[in-house]
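A.B. asks: A structural model of the following input is requested.
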Amino acid sequence: MKRQSRNLGFTLIEATIAMVILAIAAAGVLLPFANAASVLEEGARQSLAANLASELMEKVLLADPNTIIEDAPTGYNNYTEADGAMLDSSGSTLTDSIYTGFSRSVACQDATVKSVPLVLVTVAVAYQGNEMTRVTTLVSE
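C.D. replies: Residues are numbered from 1 along each chain as shown. All right, here's what the predicted structure looks like:
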């Protein structure tokens, strides 16, 4: 009497098909996490840009109101801080790698509201040349 032998395992083709199905399922699960990391990074950049704009606006508002409208370096009109040359409130260069790619600029112009002379101050922050945020306020002379 002859016994039949049974192979109790996967063939190479079956194992390959199982790996392909598993890879497709893993990609479907992991892809949203990769997109979420990208969105999280963009949100962090937006927050940093808002903080940088606010900090520079505070610095401008602490300056003498009569000289704000003058061109840089005596005033803040057309004042710019390029990537790698941004200054903190004490005048030190921001060297942390988190600030890489950011730049700031200030524009000032005369404005009048109900015959009151004012200065319109706008601080813009850009990341790699693309504007991220803009803060504007009116200052009395």
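A.B. asks: so which helix or strand takes in the residue most central in space within the chain?
C.D. replies: Using Cα atoms, centre = their mean, the residue of the chain that lies closest to the mean C-alpha position is R45, 2.3 Å off. Using DSSP states H and E, R45 sits in helix 12-62.
A.B. asks: check which element follows that helix along the chain.
C.D. replies: From helix 12-62, the next helix or strand downstream (DSSP H and E) is strand 79-81.
A.B. asks: what residues does that next one touch?
C.D. replies: 56, 72-73, 87, 103-106 (Cβ atoms under 8 Å, 6 or more residues apart in numbering). From N, CA and C alone the C-beta is placed, and that goes for glycine too.
A.B. asks: those: which two are farthest apart?
C.D. replies: The largest separation in the contacts of strand 79-81, counting by Cβ to Cβ, is between P73 and S103 at 17.1 Å.
A.B. asks: settle it for me: which of these two has more neighbours?
C.D. replies: S103 (21 against 7; other Cβ atoms under 10 Å).
A.B. asks: would you check that that one makes contact with L56?
C.D. replies: No: taking Cβ atoms under 8 Å as the definition, S103 is not a contact partner of L56, at 10.9 Å.
A.B. asks: overlap in contacts of those two?
C.D. replies: Common neighbours of S103 and L56 (Cβ under 8 Å, 6+ apart) are 81, 125.
A.B. asks: export the contacts of strand 79-81 to JSON lines and tack on pLDDT and distance to S140?
C.D. replies: JSON lines is the format used below for the contacts of strand 79-81 (pLDDT from 0 to 100; distance: Cβ to Cβ, whole Å):
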{"residue": "L56", "pLDDT": "93", "distance to S140": "19"}
{"residue": "A72", "pLDDT": "86", "distance to S140": "21"}
{"residue": "P73", "pLDDT": "87", "distance to S140": "23"}
{"residue": "L87", "pLDDT": "88", "distance to S140": "26"}
{"residue": "S103", "pLDDT": "95", "distance to S140": "28"}
{"residue": "R104", "pLDDT": "96", "distance to S140": "23"}
{"residue": "S105", "pLDDT": "95", "distance to S140": "23"}
{"residue": "V106", "pLDDT": "95", "distance to S140": "17"}
